[in-house]
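> requesting a structural model of the entry that follows:
(one chain, ligands or ions: 2)
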Amino acid sequence: MDIETQGQSSVDSQIRLSGEKRFDRIDRPSLEFTEEVARDTAPLYEKVKHHIPEIEWPVHAPYVHAINKLKKQRNASILAHNYQTPEIYHCVADIAGDSLQLAMEATQVETDVIVQCGVHFMAETSKLLNPSKTVLIPDMRAGCSLAESITGEDVRLLREANPGVPIVTYVNTSAEVKAESDICCTSSNAVQVVESFGADTVLLIPDEYLAQNVANQTDVKILTWKGHCEVHERFTADELLAYKEADPAIQIIAHPECPTTVTAVADFTGSTKGMIDYALGQKPGAKVLLVTECSMASNIQEQAPGVEFIKPCNLCPHMKRITLPKILDSLLYMKEEVLVDPIMAERARYAVERMVNLKN
Ligand code: 13P
Ligand code: SF4
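Ligands and ions are numbered 1, 2, ... in the order given. All right, here's what the predicted structure looks like:
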């Protein structure tokens, strides 16, 4: 018997995502380093030339060129965290920032598609705050040791054990955990959020070190959890003091996910945006040691050409899963789509929006 399949080609010409969304298939672009690519990407190379040797640029440039073209075709925006590599941060990102800035910016995005160059919880936050958008992450495995340290069930048990105590959850958590919380915070606003309840005691979870750093700045009693950032927990005070001994002029700037023994020897502690603002405020000739993920110093060097950045290099393996080839595939094949169960999303959104709407 002869069998004929009808209509197959029209289905194949489109990529289907959730909610009946369809996107045209686009042919894979050539990734040759042509004269056109060299010319178009030359201004972008200027921004990264101190971090990417000229001999390597022909490898990156065709991806940068193709991604920037595809962004227009897909009507997409790229949101990148401060820990992304310089070729992502400077050459393809539309918006770059810390977790709070990215969450705020996610609410303003007007394009149909958001490609989140960061880790999974950041993509989930964008989806929560702008649910009609298609949110993609170039590598679904880009997680976070803090987000993995706690579940929604853990938070429910904490609430049972501490009746009436407000629960503040760091944004570095899953939507499931956010849904069980009263409000979220980032490292930019943790003290303000904790104090916003006017309560004697607050649960600030899951980052034990962030909680201890906040406890040092407030009279509110803080209860916490034993989650740690696998990048920041590795820094030690001895390591930093050895730099300072070698050159007492060095200023130490630390992220509050570091142990308190580390922040105790820092000249300044703050979120990635806070660290950037502090570093950019230094006079030419200053020496600044950034106690955080390694890429950040490279990303801001262009804005502070007179400042010497010292980077004790700890990389976040999750952030580093995001690469130019994966961003290209993400836009070409519309993957990986980040979705949140609608009922859970409603409760998680409440906790994130409550934070975003908190007045300064
Ligand atoms: P920021 O909110 O300071 O950007 O921190 C996010 C993060 O994951 C730090 O490790
Ligand atoms: Fe998570 Fe630490 Fe990586 Fe930030 S640096 S994403 S907190 S593992």
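> just the pLDDT for the closest residue to ligand 2 within the stretch 51-200 of the chain.
In the stretch 51-200 of the chain, the residue found nearest to ligand 2 is residue 144; the distance is 3.2 Å by C-beta to the nearest ligand atom. For glycine as for every other residue, the C-beta is placed from the backbone atoms N, C-alpha and C. Predicted confidence (pLDDT) at residue 144: the value is 98.
> unless I'm mixing things up, it is touching residue 120, no?
Yes: at 7.2 Å, residue 144 counts as touching residue 120 under the criterion of C-beta atoms under 8 Å.
> about what we covered before: can you tell me how far the residue of the stretch 51-200 of the chain closest to ligand 2 is from residue 222?
21 Å (C-beta to C-beta, to the nearest Å).
> quick check: bridge partners of residue 337?
Under DSSP bridges, the beta-bridge partners of residue 337 are residue 136.
> and it, how many neighbours?
18 (other C-beta atoms under 10 Å).
> in contact with it, which residues?
Residue 337 sits next to 17, 18, 134, 135, 136 when contact means C-beta atoms under 8 Å, 6 or more residues apart in numbering.
> mind giving me the ChimeraX command for buried ones among those?
In ChimeraX, selecting the buried portion of these, with burial taken from 16 or more other C-beta atoms under 10 Å, looks like this:
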select :17,134,135,136
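> most widely separated two among the contacts of residue 337?
18 and 136 (11.6 Å; C-beta to C-beta).
> ligand 2 contacts on the chain?
119, 144-146, 172, 229-231, 257, 293, 316, 318-319 (C-beta under 6 Å from any ligand atom).
> nearest spatial neighbour of the residue of the stretch 151-300 of the chain at minimum distance from ligand 2, skipping sequence neighbours?
The nearest approach of the stretch 151-300 of the chain to ligand 2 comes at residue 229, 3.3 Å away (C-beta to the nearest ligand atom). In this structure, residue 229 finds its nearest non-sequential neighbour in residue 257, 4.1 Å apart by C-beta to C-beta, 6 or more residues apart in numbering.
> so that neighbour makes contact with residue 212?
No: using C-beta under 8 Å, residue 257 is not in contact with residue 212, being 10.6 Å away.
> between those two, who's got more neighbours?
A direct count of neighbours by other C-beta under 10 Å for residue 257 and residue 212 places residue 257 higher, at 30 against 17.
> so what's the more buried one up against?
The contact partners of residue 257, by C-beta under 8 Å, 6+ apart, come to 146, 187, 207, 209, 210, 228, 229, 231, 232, 233.
> surely it forms part of a strand?
No: assignment of residue 257 by DSSP: H, G, I helix; E, B strand; the rest coil gives coil, placing it outside any strand.
> by mean pLDDT, flag the weakest helix or strand of this protein.
The helix or strand of the chain with the poorest confidence is helix 8-12; it has a mean of 54 (mean pLDDT, DSSP states H and E).
> now residue 38: how far from residue 331?
Using C-beta to C-beta, we find residue 38 at a distance of 22 Å from residue 331.
> so between those two, which is more surrounded?
Set residue 38 next to residue 331 and count neighbours by other C-beta under 10 Å: residue 331 wins out with 24 against 15.
> how distant is the helix or strand that one falls within from the center of its chain?
Secondary structure from DSSP states H and E places residue 331 in helix 324-333. Helix 324-333 has its C-alpha centroid displaced from the chain centroid by 18 Å (C-alpha atoms, centre = their mean, to the nearest Å).
> buried residues, whichever helix or strand comes after it. List them.
Once helix 324-333 ends, the next helix or strand along the chain (criterion: DSSP H and E) is helix 342-356. Neighbour-count burial for helix 342-356, counted by 16+ other C-beta under 10 Å, picks out 344, 345, 347, 348, 349, 350, 351, 352, 353, 355, 356.
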